[in-house]
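In: Please find the sequence and the predicted model below.
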Amino acid sequence: MTLPIRSLGELDVPAIGFGAMVLSPGMYGEIDDERAVDALKASIDAGGTFIDTSDAYGDDGHNERVVGRAIRGNDEITVATKFGLKLAEDAEPHPLKVGFAFEELLVNAEPQYIRGYAENSLRNLGIDAIDLYYLHFPDPQVPIEDSVGAMAKLVAEGKVRHLGVSNVTPSELRRAYSVHPIAAVQTEWSMWRPVDPQLLETARELGVGVVPWSPLGAGFLTGTVQQLGADDFRNNAPRFDSESLAANNASYGALQALAADLGLTRSQLALAWLLHQDPAVVPIPGSRTPAHIVENLAAADITLHPDTLARIDAVLARIKPVGATLLQDAR
């Protein structure tokens, strides 16, 4: 399968990427490395060669190492990774209030640590340069200009090719861009959670691509989530408690009939809808099942008629999700 190409700033990538976070234990339950590598290879074989990870996913760089194992020897892969949540041993933890399900995160994006973070990621991934390097969350104790300035030095040194920022406000995106061109901004965006319209407007103005994380609502929009295991990361989100999940499954059921009428799965409908919101949008769904991965990537070739988009938006306007998402009303 050959996917359409979209541009994140000056970086060209397939229209749908692969979010590798789900391939580490403790995210969506247990998983072994063999299954994780098989999932990544299924994405790559189907044209999903834009892979997103982070040094904070899994223990001690586990997710990056799994990605590195899967892509070894393949020069056609575009790798994005992030820093700031896995702290250097001597780095002071800076509490960040983000409205996250567990109230706050500990971050550190001080310039003196950023080269070390990148070099660790390069070792984990087994690559010479990171294609797209994101600040995972802005550090409340460090001006974003300082963090991006240190990231820009990595570009000059050839360790990183393009820069990104994640989970930022429109103002922070603009300030980051003032230091160095930003290829992409990651933000939570799906039928499950709307994008900040000002962030989207700012990205368009600056020519920054938008990479929606959790584009399938942490799996909810697949229509298959009925209950969670005890070791599932999604238990932190109120929308996934048993009562809220039942209510949300009932309200979002209206999308099932619409998807069936179009001959699509609910996942394909959700991803195709996102792709139609802007030509610089590149969602990064994750899955552990090769068949679902191929199904997700096929959404890149789906064209939705304007009348269909209007029908979808009318359905979404009537739905009022119960409970907070993983990242709710951030800053």
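Out: Sure, I can see it.
In: hmm, which helix or strand of the protein has the shakiest average pLDDT?
Out: helix 242-262 (a mean of 87; mean pLDDT, DSSP states H and E).
In: residues near the closest residue to residue 58 other than its chain neighbours, how many?
Out: Counting by Cβ to Cβ, 6 or more residues apart in numbering, residue 58 lies nearest to residue 24, which is 3.1 Å off, once chain neighbours are set aside. C-betas here are computed from N, CA, C, even on glycine. Counted with other Cβ atoms under 10 Å, residues neighbouring residue 24 total 24.
In: For residue 24, grab phi and psi.
Out: Phi and psi for residue 24, reported as degrees, to the nearest 10, are phi -110, psi 140.
In: got a pLDDT number for it?
Out: We note a pLDDT of 87 for residue 24 in this prediction.
In: which residues does it contact?
Out: Neighbour list for residue 24: 31, 36, 57, 58, 59, 62, 63, 66 [criterion: Cβ atoms under 8 Å, 6 or more residues apart in numbering].
In: can you do 10 Å?
Out: 31, 33, 36, 53-54, 56-59, 61-66, 233 (Cβ atoms under 10 Å, 6 or more residues apart in numbering).
In: got it, and residue 205?
Out: 170, 173, 174, 177.
In: could the residues you listed go into JSON lines alongside neighbour count, secondary structure and distance to residue 312?
Out: Compiled in JSON lines, those are given as follows (neighbours: other Cβ atoms under 10 Å; DSSP: H, G, I helix; E, B strand; the rest coil; distance: Cβ to Cβ, whole Å):
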{"residue": "170", "neighbour count": "18", "secondary structure": "helix", "distance to residue 312": "26"}
{"residue": "173", "neighbour count": "23", "secondary structure": "helix", "distance to residue 312": "27"}
{"residue": "174", "neighbour count": "17", "secondary structure": "helix", "distance to residue 312": "31"}
{"residue": "177", "neighbour count": "22", "secondary structure": "helix", "distance to residue 312": "32"}
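In: want to throw these into TSV with distance to residue 88 and pLDDT?
Out: Listed next are those as TSV, based on distance: Cβ to Cβ, whole Å; pLDDT from 0 to 100:
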residue	distance to residue 88	pLDDT
170	30	98
173	26	98
174	28	98
177	26	98
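In: what's the most distant pair in the residues you listed?
Out: Maximum pairwise distance among the contacts of residue 205 (Cβ to Cβ): 10.8 Å, between 170 and 177.
In: Show me the common contact partners of those two, please.
Out: 185, 202, 203, 205, 206.
In: burial of residue 53, as a residue count?
Out: Neighbourhood size, residue 53 [other Cβ under 10 Å]: 30.
In: Now do it against residue 171, distance only.
Out: Distance of residue 53 to residue 171, computed by Cβ to Cβ, to the nearest Å: 27 Å.
In: With residue 228 instead?
Out: Distance, residue 228 to residue 171, by Cβ to Cβ: 36 Å.
In: Secondary structure class of residue 320, three-state.
Out: Put simply, residue 320 is coil when judged by DSSP: H, G, I helix; E, B strand; the rest coil.
In: With residue 2 as the reference, measure out to it.
Out: Distance from residue 320 to residue 2, by Cβ to Cβ: 39 Å.
In: Read off the pLDDT value for the residue nearest the centre of the chain.
Out: The centroid of the chain falls nearest to residue 213 when counting by Cα atoms, centre = their mean (2.8 Å). pLDDT for residue 213: 95.
In: Quick check: closest non-adjacent residue to it.
Out: Spatial nearest neighbour of residue 213, excluding adjacent residues (Cβ to Cβ, 6+ apart): residue 186 at 5.3 Å.
In: What number of residues are in the vicinity of the one you found?
Out: As a measure of burial, residue 186 has 26 neighbours, counting by other Cβ under 10 Å.
In: I'd guessed it sits against residue 52; true?
Out: Yes - the pair residue 186 and residue 52 passes the contact test of Cβ atoms under 10 Å, sitting 8.1 Å apart.
In: now the helix or strand residue 67 falls within: how far from the chain's centre is it?
Out: If you go by DSSP states H and E, residue 67 is part of helix 62-71. Put simply, helix 62-71 sits 17 Å off its chain's centre (Cα atoms, centre = their mean, to the nearest Å).
In: which helices and strands does that helix pack with?
Out: Judged by 3 or more Cβ pairs under 10 Å, 6 or more residues apart in numbering; DSSP states H and E, helix 62-71 is in contact with helix 33-45, strand 50-52, strand 78-83, helix 111-125.
In: among these, which is nearest residue 12?
Out: When those are compared by Cβ to Cβ, strand 78-83 sits nearest residue 12, at 8.5 Å.
In: what packs against that closest one?
Out: When contacts are defined as 3+ Cβ pairs under 10 Å, 6+ apart, strand 78-83 sits against strand 11-14, strand 50-52, helix 62-71, helix 111-125, strand 130-135, strand 160-166, strand 184-188.
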